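A.B. asks: here are the coordinates; sequence isn't available:
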């Protein structure tokens, strides 16, 4: 069934331009690039990106499944990416779930990027060790991706896996698991503003189709590009809603975990103020799971404060030279949970 362009969540003026240029259905736009659409419909580059983003969102998940088929699919693909904090993994039922979207919120310096770097390494742990053996696309919007930090985390993960070897399959896996192989499976993209982020997300499905081992997408952070140069909040909300739908669709259709970090902002309630995740309440409904990393005195705490499948809980963690760990490092798991 073809979807009319007029039904897309776009500015009415943009819809008129599209229809006037002969684009009546979303199928007419599927194979166009932003410059082609910009020229063909007399749109700006930003408007063209927004249109194609909406088209992508409308097309994801078009194939329907019965509840039984969905259950069988989830049972076959039910895997998680460990965090190397045994307490947080236990609270999450094994780690961050593949096929779902997770938001990590927190104040600067609390460890959001450190957890993302840890996940970028951990997603590559071979399946014989209980991992998913995948690759990662890491979109850096703040310039916070530190290569030497990744090297340290990767070296610690390789060393940890080497201590778990018990059979021939694991010995063979260790011959190809190295710091170099981990670095080669991290696809890093630097986006300097929201237009570059929108463009990257538009191109990403084609990249994922060509790199089918990608099991993790990280955006660190989704808030940074949208907290500057936006006087029109309705436009920001519209773009963020489009991004949210794209991420949910990609997580499902490409069977990967999507992790985004978010900053904190101050919200006034009467005469008092409190720190809350940025980007507003509508954005907060988008991720399946929301983690809040925060300080309690000198302690770092990770709280699950939104998840349909897990109880709200809080665990303590620390950032060590080897990465994201339990507050008591001696509590490192003796094996990686399946």
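C.D. replies: Sure, I can see it. Because the structure is predicted, anything quoted here is derived from the model rather than measured.
A.B. asks: residue ranges of the helices in the stretch 201-338 of the chain, please?
C.D. replies: 233-253, 280-284 (DSSP state H, counting those that start in this stretch).
A.B. asks: Show the pLDDT at residue 95.
C.D. replies: pLDDT, the model's per-residue confidence, is 94 for residue 95.
A.B. asks: what's near enough to touch it?
C.D. replies: Shown in contact with residue 95 (Cβ atoms under 8 Å, 6 or more residues apart in numbering): 80-83, 89, 122, 337. For the C-beta atoms, the positions are set from N, CA and C on the backbone; glycine is no exception.
A.B. asks: and the nearest residue to it once chain neighbours are set aside, how many neighbours?
C.D. replies: In this structure, residue 95 finds its nearest non-sequential neighbour in residue 80, 3.4 Å apart by Cβ to Cβ, 6 or more residues apart in numbering. Residue 80: 22 surrounding residues under other Cβ atoms under 10 Å.
A.B. asks: So what does residue 80 have for phi and psi?
C.D. replies: phi -130, psi 160 (degrees, to the nearest 10).
A.B. asks: Tell me which residues touch it, please.
C.D. replies: So residue 80 contacts 89, 92-98, 132, 337 (Cβ under 8 Å, 6+ apart).
A.B. asks: what's the weakest-modelled helix or strand in this protein?
C.D. replies: Of all helical and strand segments in the chain, the minimum by mean pLDDT, DSSP states H and E falls on helix 67-77, at a mean of 64.
A.B. asks: Between the two ends of stretch 245-259, how far is it?
C.D. replies: 14 Å (Cα to Cα, to the nearest Å).
A.B. asks: can you give me the offset of it from its chain's centre?
C.D. replies: 8 Å (Cα atoms, centre = their mean, to the nearest Å).
A.B. asks: Quick check, residue 263 in contact with residue 225.
C.D. replies: No - counting by Cβ atoms under 8 Å, residue 225 is not a contact partner of residue 263; they are 11.2 Å apart.
A.B. asks: Now do residue 79, the pLDDT please.
C.D. replies: 82.
A.B. asks: any idea how far residue 130 is from it?
C.D. replies: 9 Å (Cβ to Cβ, to the nearest Å).
A.B. asks: got it, and residue 160?
C.D. replies: Counting by Cβ to Cβ - residue 160 and residue 130 are separated by 12 Å.
A.B. asks: How about residue 321?
C.D. replies: Residue 321 is 24 Å from residue 130, by Cβ to Cβ.
A.B. asks: the more surrounded of those two?
C.D. replies: More crowded of residue 321 and residue 130, by other Cβ under 10 Å: residue 130, with 19 against 10.
A.B. asks: so that one makes contact with residue 82?
C.D. replies: Yes - assessed by Cβ under 8 Å, residue 130 is found in contact with residue 82 at 7.5 Å.
A.B. asks: Tell me, how many residues neighbour the closest residue to residue 292 other than its chain neighbours?
C.D. replies: Closest residue to residue 292 apart from its sequence neighbours, by Cβ to Cβ, 6+ apart: residue 303 at 4.6 Å. Using other Cβ under 10 Å, residue 303 has 17 neighbouring residues.
A.B. asks: wait, residue 303 sits on residue 317?
C.D. replies: No - at 10.9 Å, residue 303 does not count as touching residue 317 under the criterion of Cβ under 8 Å.
A.B. asks: Please list all residues in contact with the nearest residue to residue 54 once chain neighbours are set aside.
C.D. replies: With Cβ to Cβ, 6+ apart as the criterion, residue 54 has its nearest non-adjacent residue at 4.6 Å, and that residue is residue 8. With Cβ under 8 Å, 6+ apart as the criterion, the residues that contact residue 8 are 15, 26, 51, 54-55, 58.
A.B. asks: Looking at the residues you listed, spot the one nearest residue 34.
C.D. replies: Distance to residue 34 across those (Cβ to Cβ) is lowest for residue 51, with 8.7 Å.
A.B. asks: and the closest one, that's in a strand?
C.D. replies: No - under DSSP: H, G, I helix; E, B strand; the rest coil, residue 51 falls outside any strand and is assigned helix.
A.B. asks: And it, how far from residue 193?
C.D. replies: For residue 51 relative to residue 193 (Cβ to Cβ), the value is 19 Å.
A.B. asks: Same question for residue 111.
C.D. replies: Residue 111 is 25 Å from residue 193, by Cβ to Cβ.
A.B. asks: Among those two, which residue is more densely surrounded?
C.D. replies: Higher neighbour count among residue 111 and residue 193: residue 111, with 21 against 14, using other Cβ under 10 Å.
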